[in-house]
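1. Whatever this is, show me its structure:
(one chain, ligands or ions: 1)
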Amino acid sequence: MTTRRLYYDDAFEKEFTARVMHCEVLPPDVKSGITGTVWGLILDRTAFYPTSGGQPNDLGKIGDANVLDVRDEGEEILHLVDRKPSDPDVNGCINWPRRFDHMQQHTGQHLLSAMFQERFGLPTVSFHLGGEICTIDLRGPEPTPQFLEGAERAATQIIFEDRPVNVRYGTADQLSQLGVRKEVDRKGILRAIEIEAADLQPCGGTHVKSTGQIGVVLVRRCSKVRQDWRVEFVCGGRAERIARHDFQLLREVAEKLSCATDDVVSAATGAIAERDAHFKNYRAVLQRLAEAEATLALQHAPADSHGLRMVSRVCEGVPADFLGFFATEIAKTEKTMALLAQAADGHLLFAQHPAAGKDMNALLKGVFEKFGGKGGGTRDFARGRLNEAASAAQALSLAKEMLAA
Ligand SMILES: [Zn+2]
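-> Take a look at the predicted model:
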């Protein structure tokens, strides 16, 4: 049997009565994400919109059952509910805030797509109404920021004019004479949505009564997706929430930067330049510190019988970057080696003056064989990290033993 779709003629019908024509327990469907026993209901009439044409399904109640999903099954509409209605005559109630939000987004999409087509010759090839953001995919050359703003402003103008949004019926031929651009394969009487003097589209979805109810259209951003341009936008209540959220963010950032909201870009640019300058100074200071510490350390590192000198140290309370500077400074001295560890995180750094003639990479690998860790490098410079920071001192002792062997 055919379910009568009440939303075709009145998208503002929030409550309705109907008769249950069919009710059965559905087999589990893991893909739907719905768990527990689910009944499939077919009614003689319904105001529930099933997922189709880019618009998600309605939610709400049928009798005392919660509607979990609504599916378009050709002639029939299948309602997935969490319990069996106790009476064959039921009251249906649509979750209205959700539906109205969908109607604002969907009608806004018709309007925005019409503006892109009419003003810039960019047809819409697909539409997605997401939980947070809506998107349309446009085909053609890249829409410039001027295009995006132009389409948004043109849509806003039509919202201000509060033009009626009408439902029209006709055959494909009749609709094409009325100005429907899209080719339609379906036979018989078709439904089309008209935004007066702006757009006419075949569509089975739900829409607001006039453009004023869209409230506002905000175009967010545009990115390339395969061959098309995906434009993100929001309408109505979503646009209002997003605009408020954006301004709150802006104010928080301004507060952090201690500036007026209009000055955040220059204040952030200044803060980043300052940070970069501090980083440069910090590196220069680390370098000076490494030079001084290396000089000091080498005074306490006498040469052995082969003329080799070694500095071995578990470093504490210095930044991890320091190890690299320190090792490089030490290894500048003829026939000298540095075996360094960072106590806090188990970083190891082995470096040598090439004339020392050992293999730092092999040494590091040898230490990791015993204590576990990851890293590598060259003959003269190798670094890595122990699995256990606590074994840093033992790891250096082993490295020294291996060098002596
Ligand atoms: Zn539509």
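
2. any idea how far the ion is from Ala197?
-> Distance, Ala197 to the ion, using Cβ to the ion, to the nearest Å: 17 Å. (Glycine included, C-beta is placed from N, CA and C.)

3. ok but that residue is inside a strand, no?
-> No: Ala197 is assigned coil when assessed by DSSP: H, G, I helix; E, B strand; the rest coil, not a strand.

4. Contact partners for the nearest residue to Glu196 once chain neighbours are set aside?
-> Leaving aside its sequence neighbours, Glu196 sits nearest to Arg163 (Cβ to Cβ, 6 or more residues apart in numbering; 4.4 Å). By Cβ atoms under 8 Å, 6 or more residues apart in numbering, the contact set of Arg163 is Ile195, Glu196, Ala197, Ala198, Ser210, Thr211.

5. same question, Ala284
-> So Ala284 contacts nothing (Cβ under 8 Å, 6+ apart).

6. Number the chain from 4, please
-> Sure, I'll start counting at 4 from here, so that last one is Ala287.

7. in the host helix or strand of it, what's buried?
-> According to DSSP states H and E, Ala287 maps onto helix 267-302. By 16 or more other Cβ atoms under 10 Å, the buried positions in helix 267-302 come out as Val267, Ala270, Leu289, Ala293, Glu296, Ala297, Ala300, Leu301.

8. just these now: which is nearest the ion?
-> Val267 (38.9 Å; Cβ to the ion).

9. can you redo the buried residues of helix 267-302 as TSV with pLDDT?
-> Below are these laid out as TSV (pLDDT from 0 to 100):
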residue	pLDDT
Val267	97
Ala270	97
Leu289	94
Ala293	95
Glu296	95
Ala297	95
Ala300	95
Leu301	94
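
10. Quick check: which ranges of this protein have low pLDDT?
-> By pLDDT under 70, the low-scoring segments of the chain are 184, 186-188.

11. For this protein, give the residue positioned nearest to the ion.
-> Counting by Cβ to the ion, the chain gets nearest the ion through Cys206, at 3.2 Å.

12. Next, count neighbours for that residue.
-> 22 (other Cβ atoms under 10 Å).

13. That one - nearest residue in space that isn't next to it in sequence?
-> Closest to Cys206 by Cβ to Cβ, 6+ apart is Ile196, at 4.6 Å.

14. Which helix or strand contains that neighbour?
-> Using DSSP H and E, the element containing Ile196 is strand 193-198.

15. Check Val70 too.
-> Judged by DSSP H and E, Val70 forms part of strand 68-76.

16. so after that strand, what's the next helix or strand?
-> Downstream of strand 68-76 (by DSSP H and E), the next one is strand 79-84.

17. list the helices and strands the helix or strand just after the helix holding Ala287 packs on?
-> The element immediately downstream of helix 267-302 (helix or strand, assigned by DSSP H and E) is strand 312-318. Counting contacts by 3 or more Cβ pairs under 8 Å, 6 or more residues apart in numbering; DSSP states H and E, strand 312-318 packs against helix 267-302, helix 323-333, strand 339-345, helix 395-407.

18. In CSV: these, plus distance to Ile37.
-> Shown next, in CSV, are these (distance: least, Cβ to Cβ, whole Å):
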stretch, distance to Ile37
helix 267-302, 45
helix 323-333, 50
strand 339-345, 52
helix 395-407, 53
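
19. okay if I get the ones you listed as CSV plus distance to the ion?
-> Formatted as CSV, the helices and strands packed on strand 312-318 follow (distance: least, Cβ to the ion, whole Å):
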stretch, distance to the ion
helix 267-302, 39
helix 323-333, 58
strand 339-345, 62
helix 395-407, 66
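
20. so Ala117 makes contact with Glu197?
-> No: at 10.6 Å, Ala117 does not count as touching Glu197 under the criterion of Cβ atoms under 8 Å.

21. and the helix or strand encompassing Ala154 with strand 193-198, angle?
-> Remark: Ala154 resides in helix 148-163, with elements defined by DSSP H and E. Here the directions of helix 148-163 and strand 193-198 differ by 90 degrees (axes from the mean of the first three to the mean of the last three Cα atoms, to 10 degrees).
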